[in-house]
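[1] Here is the input, now give the coordinates:
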Amino acid sequence: MEMRVFGRTGMQLSMLGFGCGAVGGLMVRGDPLDQERTIARALAAGVNYFDTAVQYGNGESEKNLGRVLQTLKPAGAVVGTKVRLPSSEFGRIAEAVTKSLEDSLARLRRDRVDIFHLHNAITASGGGEALSVAAVLGDVVPVFERLRRQGKTRFLGLTAIGETQALQQVIDARAFESAQVVYNMLNPSAAARLPASYPAQDYGQLFDHTAAAGVGVVGIRVLAGGALSGSAERHPIASPPPEPIGSAMSYDADVARARRLMALVAEGFAASLTEAATRFALSHPAMATILVGMATPQQFEDALAAVQRGPLPPAALDRLRALQQEFAGEPW
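    Down below sits the predicted model:
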């Protein structure tokens with residue numbers, strides 16, 4: 001497993017991270033033996049980053065990950081979790097963040113996590129369940145820093161969803177060491193300039209900002225919540241189709257657009273669309289690790305095999321750009 005330097009943290013993370021989310025469902029609703037076997041297999045293959053959140057199964061993912069890691073006792077496992085503040089707690093951010101992390105640590109059976117991510121959307125002025133830039137930098141960061149001083153987390157992170165300019169502003173402030181960034185074949189705008197009227201949120205080449213600030217990048221939604229399988233079929237333990245992030249307004253629209261990328265498979269660049277999508281996400285040097293959710297042990301094996309084939313070659317990336325040009329001007 002190739003390791004990549006994670007921003008300014010000094011850590012090296014495996015190119016393939018272990019997503020413990022609810023979309024795939026293995027670590028939320030899976031069989032306990034499958035959970036243990038798959039994590040043991042991942043560790044043996046060199047995977048060292050495990051990403052969870054209290055929202056994944058209302059704490060079930062954290063409990064299951066904690067149980068398995070306590071059983072296996074691996075050396076060098078890097079664990080990240082998250083806090084998402086409901087708007088009802090915006091008036092008491094410090095208390096709510098502190099309780100969330102302490103509860104997460106209890107479920108994970110750990111004294112600290114390696115990365116603690118803010119999971120709320122970030123916008124210029126806030127509103128709804130989104131936090132404003134001022135609240136993130138003025139209220140969230142100080143309590144995150146206090147928790148770091150208390151030894152409960154090593155590094156501070158955010159999930160880069162919300163308004164592009166607000167995300168850029170927060171990353172540029174260098175308050176965080178990790179950013180979870182949406183990057184996939186339907187929306188490559190964290191890396192590249194989009195064609196005019198492209199049907200996706202423009203993340204404004206966010207990788208330029210993370211690189212300048214020394215922020216490590218965790219790739220999220222690399223399969224667009226499963227849409228980049230090209231199939232609307234869901235495994236029985238997977239979540240219902242998730243709301244798209246940064247791409248179409250519906251999951252079905254993402255699936256339909258994904259199927260138009262099948263030329264990459266037909267022309268021999270990859271054996272499947274999911275393989276192409278996984279390898280695409282690794283193709284940018286800003287990407288330190290990618291998260292691939294899974295419902296079954298076999299889906300982990302598929303992701304591992306794709307990563308071991310390495311990034312897509314330049315000819316495949318050129319072909320993909322040509323296919324993406326055809327989306328320009330279409331409705332979201």
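
[2] Just say helix, strand or coil for residue 158.
    strand (DSSP: H, G, I helix; E, B strand; the rest coil).

[3] any idea how far it lies from residue 14?
    21 Å (Cβ to Cβ, to the nearest Å). Yep, even glycine has a C-beta here, placed from its N, CA and C like the rest.

[4] Got the confidence number for residue 236?
    Confidence at residue 236, expressed as pLDDT, is 68.

[5] Strands of the protein, start to end?
    Assigned by DSSP state E, the strands in the chain fall at 3-5, 12-14, 16-19, 49-51, 78-83, 113-118, 122-123, 131-132, 153-159, 178-182, 216-220, 287-292.

[6] how about TSV for the ones you listed, with distance to residue 68 added?
    Below are the strands of the chain laid out as TSV (distance: least, Cβ to Cβ, whole Å):
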stretch	distance to residue 68
strand 3-5	22
strand 12-14	17
strand 16-19	10
strand 49-51	9
strand 78-83	11
strand 113-118	15
strand 122-123	32
strand 131-132	32
strand 153-159	21
strand 178-182	22
strand 216-220	20
strand 287-292	17
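
[7] Of those, which is nearest residue 40?
    For those, the distance to residue 40 is smallest for strand 16-19, at 11.3 Å, taking Cβ to Cβ.

[8] centroid residue for this protein?
    For the chain, the residue nearest the mean C-alpha position is residue 220 (2.6 Å; Cα atoms, centre = their mean).

[9] Spatially, what comes nearest to that residue if we skip its sequence neighbours?
    residue 180 (4.7 Å; Cβ to Cβ, 6 or more residues apart in numbering).

[10] pLDDT wise, what is residue 53 at?
    96.

[11] check contacts around it.
    Neighbouring residues of residue 53 by Cβ atoms under 8 Å, 6 or more residues apart in numbering: 20, 21, 61, 62, 81, 82, 84, 117, 119.

[12] Who are the contact partners of the fourth one?
    Under the criterion of Cβ under 8 Å, 6+ apart, the neighbours of residue 62 are 20, 52, 53, 54, 56, 81, 104, 107, 108.

[13] ok, now which ones touch the fifth one?
    So the one you mean is residue 56. By Cβ under 8 Å, 6+ apart, the contact set of residue 56 is 20, 21, 22, 27, 28, 62.

[14] need the contact list for the residue lying closest to the fifth one once chain neighbours are set aside.
    By the measure of Cβ to Cβ, 6+ apart, the closest residue to residue 28 outside its immediate chain neighbours is residue 57, 3.5 Å from it. Listed by Cβ under 8 Å, 6+ apart, the contact partners of residue 57 are 22, 27, 28, 29.

[15] if we take the residues you listed, which one ends up nearest to residue 35?
    residue 27 (6.0 Å).

[16] Measure how buried residue 168 is and give me the count.
    Neighbours of residue 168 under the rule other Cβ atoms under 10 Å: 20.

[17] With residue 193 instead?
    By other Cβ under 10 Å, neighbour count at residue 193 equals 11.

[18] per-residue confidence at it?
    Per-residue pLDDT puts residue 193 at 94.

[19] and it, backbone torsions?
    phi -70, psi 130 (degrees, to the nearest 10).
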